[in-house]
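> Need a 3D model of the following:
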Amino acid sequence: MTILSWSSPRLTTRTLTLTAFLIALNVVLGKLAVGSESLVKFSFGFLGTMLLGYFLGPWLGGVAKILYDLIANTLLATSSQFFIGFTLTAFISGVIAGMFLHNHKITWQRLVAYEAVQMLVTNLFFNTLWIHLLYQAPWAALIAVRGPKNLLMFPLEVILGLMVLRSVSRLKLSVTK
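Take a look at the predicted model:
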């Protein structure tokens, strides 16, 4: 078994149905949020991302995150928050989730590594970059606000992710039959 997964399941009716369900779940979990969309937001969307990566792998997970972003920020948007940079970040987020979680045993070490990469790459680098470009906010000030939020969320995301993914893995659900 390799450290990272680079494969996604074949595109079948079953896979597309599961993808649609997981995108809908991701939308709902992402909308259960507290905080500012443009600076710091606490939400349970990370669980949807983990499930997308776990079931769909990196490539389908990335495409599903693009669809999620388009649905959540255009069709169901409560304000004018759509920016293509965040869509790129969503794709990268799905790819990272799929690489770390698809076809792998769920351990706390794997989830710590996954969360560290996910937070550093998508949350702290890309999303901070897009906010900096959109609002001309100083980079250091954004990191000073967003860094502690990510440090606070890190253990919570690992613990909740471990509970959810281990529960799902015990059910022996599979995209392929």
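
> and the strand or helix carrying Phe100, what does it pack onto?
Under the criterion of DSSP states H and E, Phe100 resides in helix 84-101. Other elements packing on helix 84-101 under the criterion 3 or more Cβ pairs under 8 Å, 6 or more residues apart in numbering; DSSP states H and E are helix 45-70, helix 108-118, helix 128-135. Where C-beta positions appear, they are placed from N, C-alpha and C, glycine not excepted.

> State the next helix or strand along the chain beyond the last one.
Of the helices and strands lying after helix 128-135 in sequence (DSSP H and E), the nearest is helix 139-170.

> Just want the angle from that next one to helix 108-118.
150 degrees (axes from the mean of the first three to the mean of the last three Cα atoms, to 10 degrees).

> Quick one: the helices and strands packed on helix 84-101 as a markdown table, columns for mean neighbour count, distance to Leu16 and mean pLDDT too.
Listed next are the helices and strands packed on helix 84-101 as a markdown table, based on neighbours: other Cβ atoms under 10 Å; distance: least, Cβ to Cβ, whole Å; pLDDT from 0 to 100:
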| stretch | mean neighbour count | distance to Leu16 | mean pLDDT |
| --- | --- | --- | --- |
| helix 45-70 | 24 | 9 | 96 |
| helix 108-118 | 17 | 25 | 97 |
| helix 128-135 | 16 | 30 | 93 |
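
> I'm done for today, thanks for sticking with me.
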